[in-house]
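**Q** Using only what follows, build the 3D model:
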Amino acid sequence: MNTTSINTTTLSAGRHSTTLSLNEGYFSKRSPLDWMFAALVVGGFLYAFARYSTFMDVYEKGILMAAIPATIAMGWFWRPLRVLMLVVTGFALLGIASYQGDLARAEQVFWLKYFLSSQSAILWMSMLFFMSTIFYWLGMFAGREGSGQSAVLESLGSKIAWVAVGMALIGTLVRWYESYLIGADVGHIPVSNLYEVFVLFCWMTAAFYLYFEEKYHTRALGAFVMLVVSAAVGFLLWYTIVREAHQIQPLVPALKSWWMKLHVPANFIGYGMFSLASMVSLAYLVKQQATETRWYKLTPLWLLGVVLCFVPIVFRKSPADVGGGNYWVGYLVVAGLIASLILLGRKRIAARLPSFEVLDDVMYKAIAVGFAFFTIATVLGALWAAEAWGGYWSWDPKETWALIVWLNYAAWLHMRLMKGLRGTVAAWWALAGVAVTSFAFLGVNMFLSGLHSYGTL
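**A** Residues are numbered from 1 along each chain as shown. As a prediction, the model looks like this:
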């Protein structure tokens with residue numbers, strides 16, 4: 001009997017005895033390291049509260065205090081997060097302290113210029129996500145199934161993804177501080193425009209994948225999930241170079257609200273999980289088509305893969321607006337090539353992927369978690385709209401498309417839970433669902449004018 005998880009009590013009566021098993025309580029399971037982590041979190045948040053509470057309203061103070069038990073719970077639930085949090089906090093504080101209140105030091109201090117300023121950290125994030133994707137795919141095809149070489153390459157892909165998530169978080173926290181160095185009226189949490197939320201999307205999607213990777217003890221899915229992260233990074237780099245979107249801008253009046261700190265992250269947990277589910281569904285379909293020899297049966301899968309990569313080009317107001325034409329031609333060529341290579345190597349890939357049951361379970365859990373947070377984000381958005389515009393719902397294009405996304409995944413979950421939806425139909429539905437989600441995320445802002453049109457391409 002495992003005495004670390006249960007306590008036992010034995011009652012004796014003559015020759016007979018009865019053993020009662022009592023489950024240990026949640027807090028009694030905590031190790032000294034768990035409590036040390038909790039103490040560090042409490043100390044850090046209370047220090048932040050003591051130093052910055054005068055700049056916060058009552059709602060922001062409430063968010064900060066509620067973040068204490070939430071952060072501790074996350075660190076206890078998934079222990080790798082504790083290391084990530086501590087490392088990110090340490091390097092972010094080093095970056096912030098290195099500024100000494102002067103934004104010009106970003107070009108004067110070595111580790112700020114090349115590593116810890118927000119733009120440097122985010123560029124490192126971009127490069128590392130590309131590297132992670134490459135190593136995951138090298139691991140997919142290197143050596144025989146289960147070989148040491150393959151495991152080493154996939155392990156490198158996983159570790160690099162962790163570092164990329166860390167650099168994204170460091171860049172986000174330092175960018176938050178940099179916005180206040182520009183001006184107190186400019187300072188804001190960096191989730192306010194298309195550039196900032198793409199960074200948010202990248203690290204959130206990768207972090208959620210890394211959780212599933214550990215839970216299911218498989219790294220083969222990393223090759224697929226990191227494709228959507230790398231596609232987002234590709235767009236982010238174009239947006240940075242062509243549009244100089246990395247520049248910190250003041251908030252528009254409607255975004256000067258504490259609601260933004262809750263609504264946007266919850267929304268992007270939904271977006272990230274839906275995207276993760278779509279890539280798992282792609283893996284499911286590739287595995288299913290492993291023995292298919294008729295190319296007309298494979299064409300729809302290839303076309304959908306290319307169309308999803310085509311999204312950043314289509315979601316613009318006119319051809320003249322897109323900019324960087326050669327960049328996007330190369331982007332599409334690479335996307336089409338990757339989709340072709342996946343189909344050509346489908347037998348090898350199928351052998352490396354986990355079972356259909358695991359793929360189906362990951363797809364379901366990702367959509368379920370994404371749907372829960374997307375629902376919360378929609379409710380929070382309605383409350384924010386009531387405060388900002390005087391009504392909970394106005395059928396603004398963004399609101400309408402958010403409802404369409406919500407109904408799509410609500411129907412998917414209903415069909416699964418009530419009708420037992422599984423397999424091919426579920427996978428195709430999840431894969432197509434990301435196109436609807438992408439339009440709600442990007443296309444509405446580009447094609448349709450409305451109260452939510454804060455981002456432009």
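
**Q** Pass me the low-pLDDT residue ranges in this protein, would you?
**A** The chain contains residues with pLDDT under 70 at 1-24, 143-147, 293-299, 301-328, 445-457.

**Q** do that again at 50, thanks
**A** 1-9, 11-14, 20-21, 312, 314-322 (pLDDT under 50).

**Q** mind checking how far residue 418 is from residue 410?
**A** Using Cβ to Cβ, to the nearest Å, we find residue 418 at a distance of 11 Å from residue 410. Yep, even glycine has a C-beta here, placed from its N, CA and C like the rest.

**Q** who's more crowded, those two?
**A** More crowded of residue 418 and residue 410, by other Cβ atoms under 10 Å: residue 410, with 14 against 8.

**Q** Point me to the helix or strand that includes that one.
**A** Using DSSP states H and E, residue 410 maps to helix 397-419.

**Q** Pull out the buried positions in that helix.
**A** Residues 397-399, 401-402, 405-406, 408-409, 412-413, 416 are the ones in helix 397-419 that count as buried (16 or more other Cβ atoms under 10 Å).

**Q** now that helix, how far from the chain's geometric center?
**A** 20 Å (Cα atoms, centre = their mean, to the nearest Å).

**Q** for stretch 37-44, same thing?
**A** For stretch 37-44, the distance to the chain centre is 25 Å (Cα atoms, centre = their mean).

**Q** just the CA coordinates of that stretch, formatted as CSV?
**A** Output in CSV follows, covering the C-alpha atoms of stretch 37-44 (Å, rounded to 0.1, in the frame of the first residue of the first chain):
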residue,chain,number,x,y,z
PHE,A,37,7.3,28.3,-3.2
ALA,A,38,4.0,29.6,-1.6
ALA,A,39,6.0,31.8,0.8
LEU,A,40,8.0,33.3,-2.1
VAL,A,41,4.8,34.0,-4.1
VAL,A,42,3.0,35.6,-1.1
GLY,A,43,6.1,37.7,-0.3
GLY,A,44,6.6,38.9,-3.8
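
**Q** and residue 342, how far is that from residue 286?
**A** Residue 342 is 6 Å from residue 286, by Cβ to Cβ.

**Q** Common neighbours of those two, please.
**A** residue 349 (Cβ atoms under 8 Å, 6 or more residues apart in numbering).

**Q** which SS class is residue 248?
**A** At residue 248, secondary structure determined by DSSP: H, G, I helix; E, B strand; the rest coil is coil.

**Q** Now the phi/psi pair for it, please.
**A** phi -80, psi 130 (degrees, to the nearest 10).

**Q** Kindly report the same for residue 30.
**A** phi -70, psi 140.

**Q** number of nearby residues for the residue lying closest to it once chain neighbours are set aside?
**A** Leaving out its chain neighbours, the residue that sits closest to residue 30 by Cβ to Cβ, 6 or more residues apart in numbering is residue 76, at 6.9 Å. Neighbours of residue 76 under the rule other Cβ under 10 Å: 19.

**Q** same thing with residue 131?
**A** So residue 131, with other Cβ under 10 Å, has 18 neighbours.

**Q** Residue 234 contacts residue 331, correct?
**A** Yes - contact criterion Cβ atoms under 8 Å: residue 234 and residue 331 qualify, at 5.9 Å.
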